[in-house]
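Trainee: sharing a model prediction with you, sequence too.
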There are 2 protein chains.
Amino acid sequence: MLKITVVTSEDSGLCPVRNVLANVTGKWSSLILLSLEIGPLRFSEIKRTIGDITQRVLTENLRSLERDGYITRTVRPGPPVEVSYALTSMGANLVGILAPLVLWAEQSFDAVMTQRKQFDSLK
Amino acid sequence: MLKITVVTSEDSGLCPVRNVLANVTGKWSSLILLSLEIGPLRFSEIKRTIGDITQRVLTENLRSLERDGYITRTVRPGPPVEVSYALTSMGANLVGILAPLVLWAEQSFDAVMTQRKQFDSLK
DNA sequence: CAGTATCCTTTACGATACTG
DNA sequence: CAGTATCGTAAAGGATACTG
């Protein structure tokens, strides 16, 4: 059985779990990482894959993921410049853990929606 | 190999993955779910386990998790009233997927911090 | 193409006080 | 004990315009 000390009473900035998870649990982070699972992608390709993320937010998230060591950023001089992003080995490990979660989310969509409707109907 | 359609170009409210993940990727959701892994806990016990979450936010998160069907809320009349929370089978499944992520976060803490320091030192 | 720069809105969260 | 009610802050995200 898995025994995890969820959180200590220390400063949140020092709680390892929260500190690391914070950059994975954003609205877009996991989707961006997943999009790189098959192979490296350029900025515009990631944007197209996600669909409705803005340029500003995508840039922000990519920087954060690069900073934590999950992806690399490679510039091929242009013009036009070509910037491609790829998973590091740590990033690939993380994707290996995130993928089941995303898959689970897909599969559980119907059940969750049903639950919500029922909960909301009880006033 | 895992093939996942990360996101379609539909309305975000209709994207199954994002819709379900939204309530799991909060700052506290996963930690709350994890705290219930061993067994049911009362409100104050969850609060003590997490440490620095406020009552208001804990209540908010518990409602949201209950709404989506991950946990149940049981009231034993008092006084003092005793409210206990427990994982549903769906919640238990989710925890089974989240636990590796939390464990991974713990183990990767040092590597991530090292990466950040290095990234930040490059201006 | 891959970003920055602004500006604005929303949402999550924090602090504190109060209650059946 | 397990909340609710208020108020305030901060961070994430959205919209749009501009640039090397």
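Mentor: Alright, I've got the coordinates. Residues are numbered from 1 along each chain as shown, chains lettered A, B, ... in the order given.

Trainee: confidence score at the spatially most central residue of chain A?
Mentor: In chain A, the residue lying closest to the centroid (Cα atoms, centre = their mean) is A:Ser30, at 1.6 Å. If you check A:Ser30, the pLDDT there is 92.

Trainee: excluding residues flanking it in the chain, which one is nearest it?
Mentor: A:Leu98 (5.0 Å; Cβ to Cβ, 6 or more residues apart in numbering or on different chains). In short, each C-beta sits where N, CA and C put it, glycine included.

Trainee: relative to DNA strand D, which residue of chain A is the closest?
Mentor: DNA strand D sits closest to A:Lys27 of chain A, with a gap of 3.0 Å, by Cβ to the nearest atom of the strand.

Trainee: show the backbone phi and psi for that residue.
Mentor: The phi and psi values for A:Lys27, taken as degrees, to the nearest 10, are phi -70, psi -30.

Trainee: then the one 10 residues further on?
Mentor: A:Glu37 has phi and psi values of phi -60, psi -40 when expressed as degrees, to the nearest 10.

Trainee: ok so, going back, wait, the residue nearest to the centre of chain A sits on B:Leu21?
Mentor: Yes: look at A:Ser30 against B:Leu21 with Cβ atoms under 8 Å: they come within range, at 7.0 Å.

Trainee: between the two, which contacts overlap?
Mentor: Shared contacts of A:Ser30 and B:Leu21 (Cβ atoms under 8 Å, 6 or more residues apart in numbering or on different chains): A:Leu101, A:Val102.

Trainee: near DNA strand D, anything from the lowest-mean-pLDDT helix or strand in chain A?
Mentor: When each helix and strand of chain A is scored by mean pLDDT, DSSP states H and E, helix A:16-21 comes last, with a mean of 86. No: figure legend: helix A:16-21 not in contact with DNA strand D (Cβ under 7 Å from any atom of the strand); closest approach 12.1 Å.

Trainee: helices or strands up against that helix?
Mentor: helix B:29-35, helix B:89-121 (3 or more Cβ pairs under 8 Å, 6 or more residues apart in numbering or on different chains; DSSP states H and E).

Trainee: looking at the ones you listed, which is buried most?
Mentor: helix B:29-35 (a mean of 23; mean count of other Cβ atoms under 10 Å in any protein chain shown).

Trainee: show me what from chain A comes close to DNA strand D.
Mentor: Going by Cβ under 7 Å from any atom of the strand, the residues of chain A near DNA strand D are A:26-28, A:52-57, A:60-61, A:79-81.

Trainee: rewinding a little: neighbours around the residue of chain A closest to DNA strand D, how many?
Mentor: 14 (other Cβ atoms under 10 Å in any protein chain shown).

Trainee: which residues touch it?
Mentor: B:Arg18, B:Ala22, B:Thr25.

Trainee: which SSE is the last one in?
Mentor: In this case it means B:Thr25. Taking DSSP states H and E as the definition, one finds B:Thr25 inside no helix or strand.

Trainee: confidence score at the residue of chain A found nearest DNA strand C?
Mentor: Residue nearest to DNA strand C within chain A: A:Ser44 (3.0 Å; Cβ to the nearest atom of the strand). Looking at A:Ser44, its pLDDT is 96.
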